[in-house]
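Engineer: I'll drop the sequence and a predicted model, then ask my questions.
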Amino acid sequence: MDVLRALFDPALVTGLVAYLDHIRPDDAPALVDAGDPPEYIQFLHATQVVRCVGAGQPPHEPKRVPGFSVGCSQRQVLDQVVQMVSNKPSHVLIAKRSTNGRGNIFTWNTIRTHLQNRSWKRLLSRIGDDAMRQLLSRCSVFEALENGCFLQVSGQAITRDKVPLCPVKHVSPYSATVQCSSMLYACRSSVSRAGLPSTHILNQVNDNVHALLADIFVSSNKRRARRPPSLRPTVQRLAPVFRRILKTHRHLNYHSILEQHCPVDRSASTSSDLSARYTAAIRQYTSADNVSAFVRNVVLRLIPRVLWGSKNNFMAFCQAVHTFVHLRRFESIDVTFIMQRLRTKDCSWLGDGVGARAAISKQTMLAKWLHWLFAELLVPLVRSAFYVTESEPYRNRIFFYRHEVWNRISDMAVTELCADQFRQIDEGSAQQMVVSRGVGYSQLRILPKMNCVRPIVNCANRNAVGVGRQPSVNDSLKNAFSALSFERARNPGLCGISNAPNLDAVYDRLLPFVISLANVQSAGEKLVKVYMVSADIQKCYDSILRPRFCRAPSVTRRSPLTGAESRVMDILQNALAEKNYFVHRWTTANRSAAWGNGYTRKRYHRDAASVTSVPQMDELALERSKKCRNTVFVEQPGAERISCESIIQQIREHIHDNIVKFRKLFYCQAVGIPQGSIISSLLCSMYIADLERNQLEKSALPSNDSALSQRSWTIKASCSDSVVLRQVDDFLLLTTCKDVAESFLASMVGGFPEYNFSVNARKTQANFAVGMPGSEEPIKTVMTWCGLEFDSSRGLELRGDYSRFTSTSIADTLTVSRVSGRPCNKLRERGLRLFVESKTHPLLLDSRINTKRGICLNVYQLFRFGACKLNAWLSQLRHLRSTPFQCGLAEGLIHAFHVSRRRRCGDMEFVLSSNEVRWLALHALSHVFRRKQSRFRNLLAWIKAKLRSSDLRRLDHCSHLRFALRGTYDGALNKIKY
């Protein structure tokens with residue numbers, strides 16, 4: 001019920017029984033009889049009623065029905081209710097036919113069917129026709145599911161309301177935020193000259209100071225009014241000052257200031273090696289300190305001193321600028337944060353009024369001025385001078401590149417991409433293809449790496465082409481994705497029997513192998529050797545042969561198909577077993593403390609099914625409610641029937657006519673399949689699954705050896721002596737037979753020419769001696785694969801892989817909230833859970849996979865990594881130095897581990913007691929914070945006192961706990977910078 005009280009006025013939310021007591025006729029029978037089934041009684045007491053048709057609608061006052069009568073069936077009552085609410089098209093009982101003219105959208109509403117079940121019919125016999133009509137037509141009704149979830153069965157669909165889903169409080173001007181993302185990805189071609197863009201207000205108003213003042217101090221609603229906005233006298237008196245700003249702007253040489261603080265080394269690299277030229281250009285980024293100095297110098301020259309009021313205010317503003325340009329990718333600051341050290345009494349231009357109202361007015365004016373400085377001056381200024389982007393090695397840290405430097409990098413990237421992956425097309429052809437397909441194009445950007453760049457394709461943006469806006473690539477592929485996901489769910493082999501798309505799938509496939517391995521080891525005296533091979537397909541998406549999916553409609557073959565292509569059936573034709581699919585759409589409104597107070601998330605879903613098995617919304621919602629909390633499920637009225645041919649045609653166009661836009665030019669992908677769309681990884685997995693069936697299972701082992709031929713089946717699935725795991729294009733083989741490992745490795749290293757696949761030799765690993773081309777590394781007993789470490793020194797044990805965090809500071813992986821009032825809440829509600837959740841998995845904590853010593857080591861490393869993140873978070877927010885607060889965070893980290901373990905591991909037996917977990921956690925925290933003794937002296941004293949308690953002191957001599965502190969396996973953790 002918490003989610004309903006968050007979506008509606010709590011005073012309007014009531015139970016079904018309480019509401020019916022106000023409208024039932026006096027002569028009506030009792031709601032509950034002795035012979036009523038338990039499900040009916042549960043339905044009565046769990047169903048909730050909101051006394052309004054929809055959020056933001058006027059409340060409904062219940063009226064008692066004068067007399068009891070049941071003259072209609074439940075179906076007839078529903079038909080009457082539908083007529084009563086016919087003027088409310090978003091009502092959940094109205095199955096509105098789509099108006100887009102497509103014949104494959106038809107009327108469908110399973111909620112009506114649900115309202116004719118036994119409980120609702122029994123309720124009709126207890127309250128009568130009139131009361132049932134009043135309930136369903138004047139109220140929003142929600143049936144309870146599991147975990148605090150509800151299914152909406154009447155009322156205006158909450159996910160289609162135009163009003164906010166939760167009560168909106170008055171937003172003060174100084175609560176506005178400025179996001180770091182507003183600076184990102186500005187192309188130089190979109191800026192007319194060095195300095196502010198031509199569309200900026202300072203370049204458009206000329207001498208119209210009134211328009212400039214209105215842009216700063218008048219709300220956007222008043223500016224959009226037909227009449228010119230009126231200015232308060234206090235604002236009007238600022239006209240001479242802002243006239244000086246306009247004059248200074250016209251004569252200010254932004255380019256010279258930029259060259260002074262952010263110079264560029266224009267001696268371009270003459271190396272013939274592309275990697276060397278990339279490295280030289282990528283290292284020519286401008287430091288955030290220099291960018292801050294550039295912005296401060298511009299502001300110092302542009303803004304008159306009278307607007308600062310004092311040197312203290314200007315220095316406080318400069319400190320806020322410094323903080324802003326050092327933000328990470330997803331961070332933001334609000335105006336309250338900017339105003340923290342500013343004194344309004346120093347700003348005489350705010351007026352000389354006294355009293356509380358005058359003080360609020362002054363703060364509001366100052367807040368609007370500061371927000372304009374950051375959002376409308378600072379951000380455009382940075383975008384005009386720099387291309388701002390994150391990088392792959394440094395995660396969320398942002399880098400500033402002068403546009404001329406970034407253009408050099410982009411030119412090299414375009415040359416490289418057009419050489420083997422894309423071909424340029426003219427804008428007219430691109431627009432014609434987009435309009436004819438009714439699907440937009442993708443946006444391409446490049447992401448810097450150490451000595452090269454990585455192309456990133458965004459398929460989620462809608463594009464303005466021709467008349468109106470075309471749907472995004474992902475939007476157009478949602479039905480195809482739903483159909484393929486439906487087929488994958490009922491046929492797991494579609495993506496390959498080795499496919500393990502997530503850690504849960506890895507756990508399910510690995511556990512039988514580890515259990516059988518343990519059984520073999522327990523029966524003998526000798527440890528069983530586990531042979532491991534990992535391999536990664538090089539440029540997997542770009543190497544995929546398109547004809548194996550579908551042939552281009554416009555291409556006429558001049559030569560017969562190759563032998564391989566004639567043997568391979570169309571992958572999509574094999575995957576799509578139905579001639580037609582039914583697509584059922586539904587939405588959810590979810591509210592969680594992890595997203596902050598007052599935040600409600602809407603999500604739109606669609607599921608495909610066979611036309612012979614139409615899904616019912618009540619069954620679907622009940623099943624989904626077992627895996628989520630505080631969620632309202634709402635059925636969307638339209639349903640769609642799609643044919644197999646239309647899906648194949650859509651995917652064919654997506655593969656062969658994939659258009660991307662980079663800067664202002666259009667390109668068409670020439671090889672491989674597109675990356676970045678919702679079906680990309682699914683298509684890739686299907687392609688590799690076809691390879692497994694036709695190549696790997698046949699060629700991995702010699703067929704003339706009967707013993708090995710018997711083992712060839714073990715590569716197909718998880719068995720007693722072998723298991724193959726694959727996440728998209730990353731393979732891992734675990735086997736107790738060296739011949740199987742050698743044969744598998746030989747097959748992978750040899751490549752698969754018929755599928756145009758080759759293995760990246762640098763990333764190929766094995767824990768036994770074998771000649772691998774391009775690899776001369778010594779034999780390892782520990783191998784990393786997809787965030788996990790596999791240790792074969794003593795059987796097989798798993799640990800978390802922390803090596804990917806060693807190349808950068810741990811702070812670069814965080815997103816710290818600098819919005820006032822939120823940092824502490826964010827850290828307690830969401831941050832602590834995220835610090836430990838990624839490594840709290842049965843793969844690392846299950847005693848059937850790891851020994852007790854191994855589990856202790858995993859828990860210790862998990863807490864040590866979480867402590868590194870906690871230290872980095874607190875270092876960013878230095879005002880949070882209270883010892884009780886820091887001790888509470890340490891306790892919260894331990895609590896977050898237990899919550900996450902119970903949620904992710906379920907009923908799995910956990911061999912460590914709560915005191916043992918606490919002992920490991922406190923030692924991990926102590927190890928991290930000892931390096932920062934000056935800031936955490938009191939916290940370290942608290943940890944030391946806790947470890948001296950009788951419950952924990954008796955654990956000091958436990959060998960399995962002491963093993964975790966040896967540091968033998970902490971090499972990656974020791975290299976993390978925090």
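Structural biologist: Yep, that arrived. Numbering: from 1, shown residues only.
Engineer: please make it C-alpha for all contacts and neighbour counts, starting now.
Structural biologist: OK.
Engineer: need the contact partners of stretch 200-210.
Structural biologist: Residues outside stretch 200-210 that contact it (CA atoms under 8 Å, 6 or more residues apart in numbering) are 196-198, 211-212, 236, 239, 242-243, 246, 249.
Engineer: low-confidence ranges, the stretch 401-550 of the chain, go.
Structural biologist: Counting by pLDDT under 70, the ranges of the stretch 401-550 of the chain that qualify are 464-469, 524-525, 548-550.
Engineer: domains of this structure?
Structural biologist: What automatic domain parsing lists as the domains of the chain is 2-160, 192-403, 495-543+703-797, 806-975.
Engineer: for residue 665, which of those is the nearest?
Structural biologist: Between residue 665 and those, the shortest separation by CA to CA is 17.2 Å, and it involves domain 192-403.
Engineer: scan this protein for its longest helix.
Structural biologist: Within the chain, and with DSSP state H defining each element, the longest helix by residue count is helix 852-876.
Engineer: next, the buried residues of stretch 310-326.
Structural biologist: Applying a neighbour-count criterion of 16 or more other CA atoms under 10 Å, the buried positions in stretch 310-326 are 310, 313-314, 316-318, 320-326.
Engineer: farthest pair within those residues?
Structural biologist: Checked with CA to CA, these reach their widest spread between 310 and 326, with 24.9 Å between them.
Engineer: and the residue most central in space within the chain, how far from residue 878?
Structural biologist: A centroid search over the chain (CA atoms, centre = their mean) returns residue 330, at 11.7 Å, as the residue closest to the centre. Here the distance between residue 330 and residue 878 works out to 20 Å (CA to CA, to the nearest Å).
Engineer: right, and residue 298 touches residue 255 too?
Structural biologist: No - between residue 298 and residue 255 no contact is recorded; they are 10.4 Å apart, counting by CA atoms under 8 Å.
Engineer: got the contact list for the residue nearest to the centre of the chain?
Structural biologist: If a contact means CA under 8 Å, 6+ apart, then residue 330 has 179-181, 396, 815 as its contacts.
Engineer: okay, among those residues, which ones form the most distant pair?
Structural biologist: Within the contacts of residue 330 (distances taken as CA to CA), the two that end up farthest apart are 179 and 396, at 13.5 Å.
Engineer: ok, back up a step: which one of the buried residues of stretch 310-326 is nearest residue 523?
Structural biologist: Of all those, residue 523 sits closest to residue 326, with 59.6 Å by CA to CA.
Engineer: which pLDDT value goes with the closest one?
Structural biologist: The model reports residue 326 with a pLDDT of 96.
Engineer: how near is the residue nearest to it when sequence neighbours are not counted to residue 327?
Structural biologist: On the basis of CA to CA, 6 or more residues apart in numbering, the spatially nearest residue to residue 326 that is not a chain neighbour turns out to be residue 288, at 6.2 Å. For residue 288, the distance to residue 327 under the criterion CA to CA works out to 10 Å.
Engineer: and the two? Which one has more around it.
Structural biologist: residue 327 (22 against 19; other CA atoms under 10 Å).
Engineer: wait, doesn't that one sit right on residue 180?
Structural biologist: Yes - under the criterion of CA under 8 Å, residue 327 is in contact with residue 180, at a separation of 6.2 Å.
Engineer: checking the nearest residue to residue 679 once chain neighbours are set aside next. Helix, strand or coil?
Structural biologist: Once flanking residues are discounted, residue 679 sits nearest to residue 481: 5.9 Å by CA to CA, 6+ apart. Remark: residue 481 carries the secondary structure label helix [criterion: DSSP: H, G, I helix; E, B strand; the rest coil].
Engineer: residue 481 and residue 678 touch, don't they?
Structural biologist: Yes - shown here, residue 481 and residue 678 form a contact pair, counting by CA under 8 Å, at 7.0 Å.
Engineer: the more surrounded of these two?
Structural biologist: Counted by other CA under 10 Å, residue 481 and residue 678 do not tie: residue 481 has more neighbours, with 24 against 17.
Engineer: which residues in the stretch 601-750 of the chain form strands?
Structural biologist: Taking DSSP state E, counting those that start in this stretch, the strands of the stretch 601-750 of the chain run over residues 631-643, 659-662, 665-669, 722-727, 730-735.
Engineer: partner strands of the second one, with direction?
Structural biologist: Here strand 659-662 is paired, per DSSP bridges, with strand 442-448 (parallel), strand 665-669 (antiparallel).
Engineer: equivalent analysis for the longest one, please.
Structural biologist: Take DSSP bridges as the rule and strand 631-643 pairs in its sheet with strand 105-107 (antiparallel), strand 150-154 (parallel), strand 580-591 (antiparallel).
Engineer: which parts of the longest one are buried?
Structural biologist: Using 16+ other CA under 10 Å as the burial criterion, the residues of strand 580-591 that qualify are 580-591.
Engineer: now the residue nearest to residue 679: how far from residue 607?
Structural biologist: Separation of residue 481 from residue 607 (CA to CA) stands at 9 Å.
Engineer: now residue 685
Structural biologist: The gap separating residue 685 from residue 607 is 20 Å, by CA to CA.
Engineer: now residue 756
Structural biologist: 34 Å.
Engineer: now residue 17
Structural biologist: Separation of residue 17 from residue 607 (CA to CA) stands at 34 Å.
Engineer: more neighbours: which of the two?
Structural biologist: Set side by side, residue 17 and residue 607 show more neighbours around residue 607, with 19 against 16, by other CA under 10 Å.
Engineer: please name the residues that touch that one.
Structural biologist: Listed by CA under 8 Å, 6+ apart, the contact set of residue 607 reads 482-483, 486, 583-585.
Engineer: can you check residue 134 too?
Structural biologist: Contact partners of residue 134, counting by CA under 8 Å, 6+ apart, are absent.
Engineer: so is it in a helix, a strand, or just coil?
Structural biologist: On the three-state scheme (three-state DSSP), residue 134 is labelled helix.
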